[in-house]
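*Asks:* Whatever this is, show me its structure:
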Amino acid sequence: MKSDNSSHVIRAIVVDDETLARKGLILRLQELGQVEVLRECQNGKEALAAIAELEPDLVFLDIQMPGMTGFEVVQSLQQDNMPLVVFVTAYDAYAVNAFEIHAVDYLLKPIEIERLAAAVEKARSRLDNQRSENEKKLLLDIVMGLTGKSEQAIYELLKSGETPAKYGEKLAIKDGASTTFVPVRDIDWIDAAGDYMCVHVKGETLIMRTTMKELEDQLDPSVFQRVHRSTIVNLDRVEKVSSHINGEFHLTLSCGTSLKMSRSYKDKVKHFF
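*Replies:* Okay, here's the model as predicted:
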């Protein structure tokens, strides 16, 4: 009963304290041809270790096991490495509890091949939806970071078939659960403070966690240039350049701020000299 489904193989772990039960389930999964069994585990402790190490897509998990039940295994998992779960049990009464903790499905022993195939398809459908949603979110996050546009604006841009400009009109600065979109043209200068960047905009300082190099890559080099190992300046804001005996220069910005420019960065702002 091999499936014609051409989607990616599901990576799975089989957990059951009964050796024959594990072997029987693995044989049926091999017959389906849709699931790669990465490891078989005989108790909850082994299951937790295997899930942390292998990060499977799916776990076939026996409910009644000595030491740690299947439910307790799920409750011990961290949210960021939570696989999909199909519970396996000899007792139908466990079904309600299984779905209360969001199992994909549950299988009654002895397992019928048709019922197993249905559970695998449920898992595959859930995985496909997760992957699609995660990939879409990742794409939107990347494009939002590059363009400074809102999520809705990105959707409109993608629907129109236009290609986003390499350098966005806005800089996305995240602060916890919120994101502030700062017009790039309003930025006066940026300086580093450890692992954070201080973005100075119209007398206000906004903090973002990124590296100087990553930030440089988001800004148009014809407008924003590094003048010190820890400073980027909006060249349009420079009103005065003063030289010092030691070979360094001071840039006076239109906002009144004076910034030091190292000799090693002088070539980046040749048009001032």
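*Asks:* Next, give phi and psi for the closest residue to residue 54 other than its chain neighbours.
*Replies:* For residue 54, ignoring the flanking residues on the chain, the nearest one in space by CB to CB, 6 or more residues apart in numbering is residue 38 at 5.0 Å. Yep, even glycine has a C-beta here, placed from its N, CA and C like the rest. The phi/psi pair for residue 38 (degrees, to the nearest 10) reads phi -80, psi -40.
*Asks:* quick one: residue 38 and residue 68, what's the gap?
*Replies:* Look at residue 38 and residue 68: by CB to CB, to the nearest Å, they are 20 Å apart.
*Asks:* Check residue 252 too.
*Replies:* Note on residue 252: its distance to residue 68, by CB to CB, is 68 Å.
*Asks:* re earlier: next, count neighbours for the residue nearest to residue 54.
*Replies:* When counting by other CB atoms under 10 Å, one arrives at 17 neighbours for residue 38.
*Asks:* Check residue 23 too.
*Replies:* Count around residue 23 with other CB under 10 Å applied: 13.
*Asks:* Please apply the same query to residue 183.
*Replies:* As a burial measure, residue 183 scores 13 neighbours (other CB under 10 Å).
*Asks:* Surely it and residue 169 touch.
*Replies:* Yes. Counting by CB atoms under 8 Å, residue 169 is a contact partner of residue 183 at 6.6 Å.
*Asks:* can I see the domain layout of this structure?
*Replies:* Taking automatic domain parsing as the criterion, the chain consists of the domains 10-129, 170-272.
*Asks:* Kindly state the pLDDT recorded for the nearest residue to residue 249 once chain neighbours are set aside?
*Replies:* In space, and not counting its chain neighbours, residue 249 is closest to residue 261: 4.4 Å by CB to CB, 6+ apart. pLDDT for residue 261: 81.
*Asks:* same check, this time on residue 216
*Replies:* Confidence at residue 216, expressed as pLDDT, is 84.
*Asks:* wait, doesn't it sit right on residue 233?
*Replies:* No. Using CB under 8 Å, residue 216 makes no contact with residue 233, being 11.7 Å away.
*Asks:* Are there residues contacting both of these two? Which ones?
*Replies:* Jointly contacting residue 216 and residue 233 under the rule CB atoms under 8 Å, 6 or more residues apart in numbering are 224, 226.
*Asks:* With neighbour numbers in mind, choose between the two.
*Replies:* residue 233 (27 against 14).
*Asks:* Who are the packing partners of whichever strand or helix holds the more buried one?
*Replies:* When elements are assigned from DSSP states H and E, residue 233 belongs to strand 231-234. Packed against strand 231-234 by the contact rule (3 or more CB pairs under 8 Å, 6 or more residues apart in numbering; DSSP states H and E) you find strand 187-193, helix 212-218, strand 224-228, strand 249-253, strand 258-261.
*Asks:* where along the stretch 101-250 of the chain do the strands fall?
*Replies:* For the stretch 101-250 of the chain, applying DSSP state E, counting those that start in this stretch gives strands covering 105-108, 170-175, 178-183, 187-193, 196-201, 204-209, 224-228, 231-234, 238-243, 249-253.
*Asks:* Go through the helices and strands packed on strand 231-234 and name the closest to residue 120.
*Replies:* Residue 120 lies closest to helix 212-218 among the helices and strands packed on strand 231-234, at 41.4 Å (CB to CB).
*Asks:* List the buried residues for that closest one?
*Replies:* 212, 215, 218 (16 or more other CB atoms under 10 Å).
*Asks:* And that helix, how far out from the chain middle?
*Replies:* In terms of CA atoms, centre = their mean, to the nearest Å, the centre of helix 212-218 is set 20 Å apart from its chain centre.
*Asks:* what's the answer for stretch 49-68, then?
*Replies:* 24 Å.
*Asks:* That stretch spans what distance, first to last residue?
*Replies:* End-to-end span of stretch 49-68 (CA to CA, to the nearest Å): 13 Å.
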